[in-house]
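> give me a 3D structure for the following:
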Amino acid sequence: MYTVPKLDDFSSAALDSAARELTSALQTETGSVSSESEWKALRDRWMARKNGILTQLNEQWLKAAPGTAKRDVGQRVNELKKLVEEKIDAALAKISSASSASRLEQERVDVTLPGNRRKLGVEHPLIRTKNEIVAVFKAMGYSVAEGPEVETDYYNFESLNFPPNHPARDTQDTLIVAGQQNKPLRERLLLRTHTSPVQIRVMEKQPPPVRVIVPGKVHRADTADATHSPIFHQVEGLAVDTNITFCDLKGTLDRWAKEMFGSSVRTRFYPSFFPFTEPSADMQISCFKCGGSGKLDGGRCAMCKASGWIEILGSGMVDPNVYGFVGYDPKKYSGFAFGMGVERIAILKYGVEDIQLFYQGDVRFLEQFA
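Below you'll find the model as predicted:
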């Protein structure tokens, strides 16, 4: 390890020899530094104020030089001081560069590797069921229409042949928007109880022929339990044209049922009542679980309650009174309408026993449909 020698000869030749020895030692020591801690030790050894080599040069060379040589020795010491500072700084830069290169190598990203893809979710079972229902009717030439969830009494009831104070209004527990007592009844706002108002809005804007399917969310003042929810989903349909008959209604819905539940499914209709259709009918399908026999694995079929049939939707021919609200000529045009609950179809398709499972967001339940 280099130590500063005492000089007895201050001639140029002697100073050159001592400077070469110091420079060689400096080169060796700075070249062997490989870490920041080693560099700090090197810096202190050469540049410390009390015992550093540069301080020793001042003490042992400059102060010890005779008066005639002080100028040359001082110049030589300053040159060596500048060289030491440059070499020490260069050693630090080399260490920092090596450290950065090592860190970059550790953090290097190979852009040719495939990325980590975010896991994608799947359609909620209600959304999937709604899309399946709509897809069947779209394939039969129906278009999709949507409308507001906050409706007026006129569109939700009156224009659909629910006159004020009509008993049929009691079958739909309606959620009324507060603070509208001063408005005329037909202008009062409510949360729609079915998607049928969209059918009226479509007919107001479009002359026949009309073939439209209307999916959407509806609201009723029901208490939530295993089979009821205050918010649920419906898909309704409407077809209006010349010479449409009940046979067209039966054929359309029979085709839809076979697409949804299998080609072996049978359908049947029996009388019902809806204010906006006449005649009206509920549709049943043969139980797709027991094949319509009412028996399963030697016992009663729970799906159809051993009847062999499952009620699936309501339908009927559009009441001529409804055409009066939209300006259609009931002597020229006829049509049919139908409506079904998306939750009910999903319950049947997937064997869900509690409707609330669709709304609770439990991942353990939803993962079954992935």
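> tell me what the helix or strand bottoming out on mean pLDDT in the chain is packed against?
Every helix and strand in the chain was compared by mean pLDDT, DSSP states H and E; the lowest is helix 70-107, with a mean of 81. In this structure, helix 70-107 packs against helix 12-31, helix 36-47, helix 53-57, with contacts taken as 3 or more C-beta pairs under 8 Å, 6 or more residues apart in numbering; DSSP states H and E. For every residue, glycine as well, the C-beta is placed using N, CA and C.
> ok, and what's touching the last one?
Just to be clear, that refers to helix 53-57. 2, 4, 22, 45-49, 77, 80-81, 84 (C-beta atoms under 8 Å, 6 or more residues apart in numbering).
> go through the residues you listed and say which is closest to residue 326.
residue 47 (96.4 Å; C-beta to C-beta).
> excluding chain neighbours, what is closest to the closest one?
residue 54 (5.7 Å; C-beta to C-beta, 6 or more residues apart in numbering).
> what's the neighbour count on that neighbour?
Look at residue 54: counted by other C-beta atoms under 10 Å, it has 16 neighbours.
> again with the one 4 residues further on
For residue 58, the number of neighbouring residues by other C-beta under 10 Å comes to 16.
> contacts only, for it.
So residue 58 contacts residue 77 (C-beta under 8 Å, 6+ apart).
> confidence score at the residue nearest to residue 47?
Note for residue 54: predicted pLDDT of 84.
> most neighbours among the contacts of helix 53-57, which one?
That'd be residue 46 among these, by other C-beta under 10 Å, with 23 neighbours.
> residues contacting it?
Taking C-beta under 8 Å, 6+ apart, one finds 26, 29, 52-54, 84, 88 in contact with residue 46.
> report the secondary structure state of the residue in the chain sticking out farthest from the centre.
Farthest-out residue of the chain from its mean C-alpha position, per C-alpha atoms, centre = their mean: residue 68, at 87.0 Å. What DSSP: H, G, I helix; E, B strand; the rest coil gives for residue 68 is coil.
> gap between it and residue 10?
From residue 68 over to residue 10 the distance is 9 Å, taken as C-beta to C-beta, to the nearest Å.
> ok, back up a step: most tightly packed of the helices and strands packed on helix 70-107?
helix 53-57 (a mean of 18; mean count of other C-beta atoms under 10 Å).
> centre of the chain versus that helix, how much separation?
70 Å (C-alpha atoms, centre = their mean, to the nearest Å).
> likewise stretch 72-83?
Stretch 72-83 sits 71 Å away from the centroid of its parent chain (C-alpha atoms, centre = their mean).
> other residues contacting it?
Contacts for stretch 72-83 (C-beta under 8 Å, 6+ apart): 10, 12, 15, 19, 22-23, 26, 54, 57-58, 61-62, 65.
> in the stretch 201-350 of the chain, which spans are strands?
210-219, 231-241, 267-274, 277-286, 295-296, 299-300, 309-318, 334-341 (DSSP state E, counting those that start in this stretch).
> where does the stretch 201-350 of the chain dip in pLDDT?
By pLDDT under 70, the stretch 201-350 of the chain contains no weakly predicted segment.
> give me the pLDDT value at the closest residue to residue 52 other than its chain neighbours.
Among residues not flanking residue 52 along the chain, residue 46 sits closest, at 5.7 Å (C-beta to C-beta, 6+ apart). Looking at residue 46, its pLDDT is 84.
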